[in-house]
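Q: Build the 3D model from these lines:
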Amino acid sequence: MSKKDKKVEVSVKDIERRNQPVQQIFIGDRLIGEVVTDNERFKAMLISDQSEFYVRSQEEGLEIVLVAQCIYDSDT
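A: Alright, predicted model coming up:
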C-alpha cells in the first residue's frame, strides 16, 4: 500500500534571548523546538516533551528536533 506524500512547512526563526541567539523551529505555525548555544556546544530542545539533546552544530540540532518531533507525532 502506498502512502500519499504530505507536504510539511518547516521554518526557522532566529531570535535573541538573554543576549544569546536562539533558533526557533516551527512546523506550520506550531513551535516544535529550539536550538540554543551552550558554551562550545549547542542544546536542541523539543517543546512537546521538554527533551534536551546536546549537539555539535545548529544544523545537527535542527535535524535532531525534526526527527524527534516526527517520532513523537507518530507515537501519539
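Q: okay, the residue nearest to R17 when sequence neighbours are not counted: pLDDT?
A: Sequence neighbours aside, V36 is the residue nearest to R17 in space, at 7.7 Å (criterion: Cβ to Cβ, 6 or more residues apart in numbering). From N, CA and C alone the C-beta is placed, and that goes for glycine too. Note for V36: predicted pLDDT of 96.
Q: V36 contacts F42, correct?
A: Yes. V36 is within contact range of F42, at 6.8 Å (criterion: Cβ atoms under 8 Å).
Q: The residue nearest to R17: what's it in contact with?
A: 17, 20-23, 42-43, 45 (Cβ atoms under 8 Å, 6 or more residues apart in numbering).
Q: what is it paired to in the beta sheet?
A: In this entry, V36 is beta-bridged to V22, K43, by DSSP bridges.
Q: how far away is it from P21?
A: To P21, V36 is 8 Å away according to Cβ to Cβ, to the nearest Å.
Q: E52 now?
A: 17 Å.
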